[in-house]
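Peer 1: sequence and predicted structure below; questions after.
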Amino acid sequence: MWHNFEIFAIISLATWILAIGTSLSDKLGKIANLTAILGTLSLAVFIVLLWTNLQRPPLRTLGETRLWYSFFLAISGYVIFKRWKIKLMLMYSLGMAILFLLLNYLNPEIHSKTLMPALQSIWFVPHVIVYMIAYALLGLSALYGLLGLYAIRKDNLKEDFVLKTDNIVYIGFGFLTLGLIFGALWAKEAWGHYWTWDPKETWAFLTWAVYLIHIHFRIKSNLSHKSVFLILMFAFVVLLICWFGINYLPAAQNSVHVYSS
Amino acid sequence: MQNTKEKKSLWVLPWKYPESFLIAFALFLASLGIEFITGTTAPKISWPANFVSIALLANLSLLLYLLSKKRAVFKWFYSVPASIAGITSFVVPSLLLALIPQKPSDSLFFLYDVTSSWTYTIGVVFFLIILGTVTIKRITKLSKRNIGFFLNHFGLWLCIASAHLGAGDIQKLNMYLEEGKTTWYGIENGNRTEELNFAIKLRDFSIEEYPAKIAFVENSTGEIINQNNKPLMIDPHEGLQFNYKDFDLKIDKLLMSSAPVMNRFEPVLGMGATQSLKILKSNNEAIDTIWISSPSILYRQEMYQIDSSTIMLMTKPEAKRFLSEITVYEKAGAVYDTIIEVNKPIKIAGWKIYQTSYDETMGRWSTKSILELVKDPWLPSVYLGFFLLIAGTFYLIWTGKRKEDV
């Protein structure tokens, strides 16, 4: 069945690239919608064919799981795009989906070949992907913070802009929560405990808590918009420490999450 | 959201941020006081004390909510400033945890063992009381919006309450198995044995290895050479071509289980067999045949001096997977064969059992296997919290923030 993969992959790749390109334009929005759906359908058809052909769910090999990642990324990106009109979300998730398809197409091993046994888990990619989506959205919120500060300076900040920023934080925070929980479920399977205050876990919790405080602050406080935008930028700094800053922290030297070479 | 700051004296109702943070700070000081006066860490409570405590916490929240109908001061417990103060009292100890390397020590200085400290425990309890009160306040008014709120807040309450207070009931044992032998006890904290209601016989322990990496090592220091900020290491496979300085190298053979014979290696299966590589090295016209091998319990590691400053060698192989083939004898009578492997724990008689280690000095020739047995009776409650949170998260992603909340 895999020898037919090329046809379906090329359809998905071509339509998704077209969707990314056209989503930028207001006039061509319809084309973006249509092509995003078409590309996802093409992949869905291939998964169904592969499933019937193998007579088992295609979830066993790395290549098979990558198909699902592409598929779910495309769907979740599209849903969020439709719901919240965040074009960047569509571009980002389709971009990631394309990357996974290309990996299958070119067929290199995605992980280092020597992946320690505990990391060889079905949770690996979902855990990482939801985190990447969260990081992308929260990074976007920090960028909105910067744009917001600029707008305040120019005295043309619109209330709508603040609400949009809040929504990006909400969605990003949602994905952050999923990442935290997926990580905990994985840790339970691999190490027998879902939470050990490993330094990465601690920083992940702190990042989560900073955004949680921010969200609550936004409900009832008389903080100026300027402070709100500054907090968002600060929160992203905490996130960055969690992401790769901990590699340099003395408390983290024995963590499995330190990305050593 | 205009700046309509009114100057309000402290402790005049309704309490806002200054009062909230002062309360949190007072609790923090009080916890330090308890820490130094009692000279003890916070007690780790177990069943049924932890269950009673959780029930008390929930009832306290309920009581605070009911009191808030009579006295305005209790409304503070479900106000946003109180929530933020609550989150902060959980976060501050976590921040210490994040910045200071933790080490179990006899020193009572809480900075080095934050999770056992009074500060941490009191912070979490304060957080739970606030979270609980807020949750109760909201479920009394059922609406679509409040369902999402409930999922998130109660889910979190359940996770944290059962994870923290349930921690005292977690039991962990190690089980050391030897091939051919049957073991019916586990070892707690390295010394106390505990008889189990089942026995395990290790039929076979096996390790599958990755091909050992090729590394280029500095002759004088013994350290792996860095190239582009990465250690110069290669994952070998047959047919792979690579080069080092002026030399073209090609892997001609990769033997996963071999032994030295004269000046080459031959495939063998016996104990102590090692991984080896036949590499063809060419420089201009001349072609050399090189054999290098991994260190093994039986054979010397074969290395190759590629030039005056560099040695090429094979590192110690890493385990790809390791697993125990076992027979389980339950006291209740059941006997069955099964496999236990890293990341694939199994359940026997209420224990969840993990493959954790083996006799590492023997590598893949280990005839010993180390298992970890975990009993965590509060897990279903924590997981229920997780799943409520996941559902609440989808709600959050879908609805976002309403305009009127701003």
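Peer 2: Received the coordinates, thanks.
Peer 1: all contacts plus neighbour counts: C-alpha atoms, from now on.
Peer 2: Noted.
Peer 1: put the alpha carbons of stretch B:387-395 into PDB.
Peer 2: Output of stretch B:387-395 as PDB, limited to C-alpha atoms (Å, rounded to 0.1, in the frame of the first residue of the first chain):
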ATOM      1  CA  PHE B 387      -9.900  13.900  32.400                       C
ATOM      2  CA  LEU B 388     -12.200  16.600  33.800                       C
ATOM      3  CA  LEU B 389      -9.400  19.100  33.100                       C
ATOM      4  CA  ILE B 390      -9.000  17.800  29.500                       C
ATOM      5  CA  ALA B 391     -12.700  18.200  28.900                       C
ATOM      6  CA  GLY B 392     -12.500  21.700  30.500                       C
ATOM      7  CA  THR B 393      -9.600  22.500  28.300                       C
ATOM      8  CA  PHE B 394     -11.500  21.700  25.100                       C
ATOM      9  CA  TYR B 395     -14.200  23.900  26.400                       C
END
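Peer 1: who's in contact with that stretch?
Peer 2: Residues outside stretch B:387-395 that contact it (CA atoms under 8 Å, 6 or more residues apart in numbering or on different chains) are A:174-175, A:177-178, A:181, B:148-156.
Peer 1: now do it, average pLDDT.
Peer 2: Taken as a whole, stretch B:387-395 has a mean pLDDT of 96.
Peer 1: for chain B, what helix or strand is lowest in average pLDDT?
Peer 2: The helix or strand of chain B with the poorest confidence is strand B:230-231; it has a mean of 76 (mean pLDDT, DSSP states H and E).
Peer 1: who does that strand touch, helix- and strand-wise?
Peer 2: Here strand B:230-231 touches no other helix or strand, going by 3 or more CA pairs under 8 Å, 6 or more residues apart in numbering or on different chains; DSSP states H and E.
Peer 1: now do it: distance to the chain's middle.
Peer 2: The chain centre lies 27 Å from the centre of strand B:230-231; the measure is CA atoms, centre = their mean, to the nearest Å.
Peer 1: how about stretch B:306-317?
Peer 2: With CA atoms, centre = their mean, you get 35 Å for stretch B:306-317.
Peer 1: select from the contacts of stretch B:387-395 the one having the most neighbours.
Peer 2: Among the contacts of stretch B:387-395, residue A:175 has the most neighbours (other CA atoms under 10 Å in any protein chain shown), with 27 neighbours.
Peer 1: next, count neighbours for residue B:273.
Peer 2: Look at residue B:273: counted by other CA under 10 Å, it has 24 neighbours.
Peer 1: one more: residue A:156?
Peer 2: As a burial measure, residue A:156 scores 10 neighbours (other CA under 10 Å).
Peer 1: distance check, it against residue A:224.
Peer 2: Distance, residue A:156 to residue A:224, by CA to CA, to the nearest Å: 15 Å.
Peer 1: in three-state terms, label residue B:201 for me.
Peer 2: Look at residue B:201: counting by DSSP: H, G, I helix; E, B strand; the rest coil, its state is strand.
Peer 1: now do the contacts for it.
Peer 2: Contacts of residue B:201 (CA under 8 Å, 6+ apart): B:177, B:178, B:179, B:180, B:181, B:182, B:183, B:326, B:327, B:328.
Peer 1: and for residue B:397?
Peer 2: By CA under 8 Å, 6+ apart, the contact list for residue B:397 reads A:170, A:171, A:174.
Peer 1: give me the element residue A:134 is part of.
Peer 2: Using DSSP states H and E, residue A:134 sits within helix A:124-154.
Peer 1: could you chop chain A up by domain?
Peer 2: Chain A breaks down by automatic domain parsing into domains covering A:1-114, A:116-261.
Peer 1: near chain B too, which of the contacts of residue B:397?
Peer 2: Contacts with chain B within the contacts of residue B:397, as defined by CA under 8 Å from any CA of the partner chain: A:170, A:171, A:174.
Peer 1: tally of neighbours for residue B:196?
Peer 2: 15.
Peer 1: ditto for residue B:39
Peer 2: Residue B:39 is flanked by 12 other residues according to other CA under 10 Å.
Peer 1: could you tell me the model confidence score at it?
Peer 2: At residue B:39, the predicted lDDT confidence score is 80.
Peer 1: can you give me phi and psi for it?
Peer 2: phi 70, psi 20 (degrees, to the nearest 10).
Peer 1: tell me the spacing between it and residue B:101.
Peer 2: Distance from residue B:39 to residue B:101, by CA to CA: 22 Å.
Peer 1: residue A:91 now?
Peer 2: As defined by CA to CA, residue A:91 lies at a distance of 40 Å from residue B:101.
Peer 1: which one of these two is surrounded by more residues?
Peer 2: Taking neighbours as other CA under 10 Å, residue A:91 and residue B:101 compare with residue A:91 leading, 23 against 16.
Peer 1: lowest average confidence, helix or strand, in chain A?
Peer 2: Using mean pLDDT, DSSP H and E, the lowest element in chain A is helix A:62-84, with a mean of 85.
Peer 1: I'd like the average pLDDT over the helix holding residue A:134.
Peer 2: Averaged across helix A:124-154, pLDDT comes to 89.
Peer 1: that helix vs helix A:62-84, what angle?
Peer 2: Calculated by axes from the mean of the first three to the mean of the last three CA atoms, to 10 degrees, helix A:124-154 forms an angle of 30 degrees with helix A:62-84.
Peer 1: in chain A, where is pLDDT below threshold?
Peer 2: A:60, A:62, A:107-114, A:250-256, A:258-261 (pLDDT under 70).
Peer 1: output the longest helix belonging to it.
Peer 2: Counting residues, the longest helix found in chain A (DSSP state H) is helix A:159-191.
Peer 1: that helix versus helix A:124-154: what angle between them?
Peer 2: Going by the same axes, to 10 degrees, helix A:159-191 makes 160 degrees with helix A:124-154.
Peer 1: buried sites along helix A:159-191?
Peer 2: A:162-191 (16 or more other CA atoms under 10 Å in any protein chain shown).
Peer 1: what of stretch B:245-265?
Peer 2: The neighbour-count check on stretch B:245-265 (16+ other CA under 10 Å) flags B:248-260, B:265 as buried.
Peer 1: dump the residue contacts of the nearest residue to residue B:209 once chain neighbours are set aside.
Peer 2: What sits nearest to residue B:209 in space, not counting adjacent residues and going by CA to CA, 6 or more residues apart in numbering or on different chains, is residue B:319, at 4.5 Å. Contacts for residue B:319 (CA under 8 Å, 6+ apart) come out as A:116, A:117, B:207, B:208, B:209, B:210.
Peer 1: list buried residues within those residues.
Peer 2: Listed as buried from those are A:117, B:207, B:209, B:210; burial here means 16+ other CA under 10 Å.
Peer 1: how about these in a markdown table, adding secondary structure and distance to residue B:220?
Peer 2: Putting the buried ones among the contacts of residue B:319 into a markdown table (DSSP: H, G, I helix; E, B strand; the rest coil; distance: CA to CA, whole Å) gives the following:
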| residue | secondary structure | distance to residue B:220 |
| --- | --- | --- |
| A:117 | helix | 34 |
| B:207 | strand | 34 |
| B:209 | strand | 30 |
| B:210 | coil | 28 |
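Peer 1: ok, those residues vs residue B:61, which is closest?
Peer 2: Of all the buried ones among the contacts of residue B:319, residue B:61 sits closest to residue A:117, with 44.4 Å by CA to CA.
Peer 1: correct me, but that closest one touches residue B:342?
Peer 2: Yes - shown here, residue A:117 and residue B:342 form a contact pair, counting by CA atoms under 8 Å, at 6.1 Å.
Peer 1: where do the contact lists of these two overlap?
Peer 2: In contact with both residue A:117 and residue B:342: B:321, B:322, using CA under 8 Å, 6+ apart.
Peer 1: the helix or strand encompassing residue B:53 packs against which elements?
Peer 2: Under the criterion of DSSP H and E, residue B:53 resides in helix B:49-70. Here helix B:49-70 touches helix B:118-139, helix B:144-166, going by 3+ CA pairs under 8 Å, 6+ apart.
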